[in-house]
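A.B. asks: Got a sequence here, can you build the structure:
(one chain, ligands or ions: 2)
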Amino acid sequence: MSRQAVLKRLLQSVPLIAPSMLKCDFGNLHRELELLESAGVPALHLDVMDGHFVPNLSYGPMVIERLRAMTELPFDAHLMISDPGRYLDDYLAAGCDCVTFHIEAVPEPGPILERIRRQGAVAGLALNPGTAVEAVRPYLPLCDLVLVMSVEPGFGGQKFQPVALDKLRRLRDWIGEGTLLSVDGGIGPSTIAETARAGAELFVVGSAIFDAPDYRDAVSELTSLVREACGTAAGHLVPPRMEH
Ligand code: DX5
Ligand code: ZN
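C.D. replies: Ligands and ions are numbered 1, 2, ... in the order given. A predicted model of the protein is given here:
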């Protein structure tokens, strides 16, 4: 699918609950994909860690390429790696539809965002809890997605950091209609509503899906909490983007 088609599809189906595949059972990927697809998730969030930019290692393009052959779901890759420009083409070739890298990992994000777009993928920029939101502002016209980290990247299962809320609100005011606002880390039933009210529309969820007994119930509970938080009437979602 082209960048525009993926972006349109995602924007049209907000709120988006994207499972973080860091916490899935890698020994049984077929079953995990089956369960997630039947839970109706709109995309898979793929956490790539290099043991250098973050103190943990996950998986790389070879695993993503194999996953690509197993599902049609869009892939939202979150590169927590140093020097993302060097490895970018491998992730695009592996079939990532969206590629997000960290502003802290590069001296100049603009050319990498442009490369991602030029190669037909959705371009995303992520920022850590300790990074000021102003740092990403100059690059927003080049972003299709902005990812606000609500934990230090590297591990699932951490506690949500409220510093993300003000960043989401500021970004919501700054970004245009065609940009997705995403939040990642510690998102679950007790935190998702406040991030939705702050303007998030793509919610990355690890533990709150994979530790739940039933993925479908977990996804539908989280979706309902967002809908309630955004004041929906008669079951029709008023996307957060419409409120700001
Ligand atoms: C953290 C990752 C997240 C993480 C989310 O570095 O980017 O995607 O896996 O997991 P939870 O929802 O458990 O915080
Ligand atoms: Zn992530």
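
A.B. asks: packing partners for the helix or strand hosting residue 47?
C.D. replies: Using DSSP states H and E, residue 47 maps to strand 44-49. In terms of contacts (3 or more CB pairs under 8 Å, 6 or more residues apart in numbering; DSSP states H and E), strand 44-49 is packed against strand 16-19, helix 61-68, strand 75-80. Bear in mind the C-beta positions are built from the backbone N, C-alpha and C, glycine included.

A.B. asks: partners of the last one, with directions?
C.D. replies: Strand 75-80 has its sheet partners listed here by DSSP bridges as strand 44-49 (parallel), strand 98-102 (parallel).

A.B. asks: Quick check: the gap between the closest residue to ligand 2 within the chain and ligand 1.
C.D. replies: Residue of the chain nearest ligand 2, by CB to the ion: residue 78 (3.7 Å). Taking CB to the nearest ligand atom, to the nearest Å as the measure, residue 78 and ligand 1 are separated by 5 Å.

A.B. asks: so where do the helices sit in this protein?
C.D. replies: Ranges of helices in the chain, per DSSP state H, are 3-12, 29-38, 61-68, 84-93, 110-118, 163-174, 192-197, 207-210, 215-229, 240-243.

A.B. asks: other SSEs contacting the longest one?
C.D. replies: What it means is helix 215-229. In this structure, helix 215-229 packs against strand 16-19, helix 29-38, helix 192-197, strand 202-205, helix 207-210, with contacts taken as 3+ CB pairs under 8 Å, 6+ apart.

A.B. asks: Mind listing what's buried along it?
C.D. replies: Of all the residues in helix 215-229, those buried under the rule 16 or more other CB atoms under 10 Å are 215, 218-219, 221-223, 225-227, 229.

A.B. asks: Give me every residue in the chain lying close to ligand 1.
C.D. replies: Counting by CB under 6 Å from any ligand atom, the positions of the chain adjacent to ligand 1 are 20, 22, 45, 47, 78, 151, 153-158, 184-187, 204-208.

A.B. asks: let's go with 8 Å and repeat that
C.D. replies: Residues of the chain lying close to ligand 1 by CB under 8 Å from any ligand atom are 20, 22-23, 45, 47, 49, 54, 56, 78, 80, 149-158, 160, 184-188, 204-210.

A.B. asks: so residue 20 bridges to which residues?
C.D. replies: Assessed by DSSP bridges, residue 20 has beta-bridge partners residue 45.

A.B. asks: and it, how many neighbours?
C.D. replies: Neighbours of residue 20 under the rule other CB atoms under 10 Å: 23.

A.B. asks: One more: residue 118?
C.D. replies: Using other CB under 10 Å, residue 118 has 10 neighbouring residues.

A.B. asks: next one: residue 74
C.D. replies: 22.

A.B. asks: for the residue in the chain positioned nearest to ligand 1, what are its contacts?
C.D. replies: At 2.6 Å from ligand 1, residue 206 is the closest residue in the chain, using CB to the nearest ligand atom. Residue 206 makes contact with 19-20, 22-23, 156-157 under the criterion CB atoms under 8 Å, 6 or more residues apart in numbering.
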